[in-house]
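Asks: could you look at this predicted model? Sequence included:
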Amino acid sequence: MPKLIEELRDEHRQMSTILDVLENAIREIDRAEGVDLDLLKLLMDYFCQFPDEIHHQKEDLIYARLRESGTESKASHLHDQHTKLEALSKQFSRYVDLIGLDLEVERAQICKAGWDFVDLSRRHMEMEEKYFFPEAQEKLTAQDWETAAREAEQSFNKTDQKEFQALASEILQSDIERCS
Ligand SMILES: [Fe+2]
Ligand SMILES: [Fe+2]
């Protein structure tokens, strides 16, 4: 399997686990009980940056190669969904900031923004696992993968990637401590 696809699948697994934590946080907001604002802020730091700055951009690089190969992709809405996910994460993050400021915001409205983000994130990853990754693996040549990997290497700072890994670990650790 191309290294980039392996990385993307690992990132999906990680995002999916962190989405589970976010789902619990949204349920707590909904029940108006013990909302852990620090954890929510860490979650939104992660979801407002990692997918947009690293994960989606790797996928966009692969999609560009797929387009160049003349493939009629079933994932033609990939980039539109990335834009939509960015807007949804930012919207929910604005609501999280309002909770922090103790401003009166409808709980139902905050939860809806959270669920909209979670639902589209999960559907989007499912679509990529089902159509986009297999299609890319089938159509792209070894040379295409080399080019995409080189572009990714040049575009993404390893330090940033490590910082996001550290943020993900911090989220999962605080979730474990909270539940224990
Ligand atoms: Fe994506
Ligand atoms: Fe993805």
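Replies: Perfect, thanks for sending it. Numbering: from 1, shown residues only. Ligands and ions are numbered 1, 2, ... in the order given.
Asks: quick one: contacts for whichever residue of the chain sits closest to ligand 1?
Replies: Per CB to the ion, the residue of the chain with the smallest distance to ligand 1 is Glu59, at 4.5 Å. C-beta coordinates here come from the backbone N, C-alpha and C atoms, glycine included. Contacts here follow CB atoms under 8 Å, 6 or more residues apart in numbering; on that basis Glu59 touches Leu8, Leu78, His82, Glu128, Phe132.
Asks: okay, now the residue found closest to Phe47 once you drop the neighbours it is linked to in the chain: neighbour count?
Replies: Nearest non-adjacent residue to Phe47, counting by CB to CB, 6 or more residues apart in numbering: Ser89, 4.7 Å away. Per other CB atoms under 10 Å, the neighbour tally for Ser89 reads 25.
Asks: about what we covered before: just flag the most distant two among the contacts of Glu59.
Replies: Greatest spatial distance among the contacts of Glu59 (CB to CB): Leu8 and His82, at 12.9 Å.
Asks: residues from this structure in reach of ligand 1?
Replies: His56, Glu59 (CB under 5 Å from the ion).
Asks: which residues of the chain score low on pLDDT?
Replies: 100-104 (pLDDT under 70).
Asks: just to revisit the earlier point, of the contacts of Glu59, which belong to helices?
Replies: Assignment to helices by DSSP state H places the following of the contacts of Glu59 there: Leu8, Leu78, His82.
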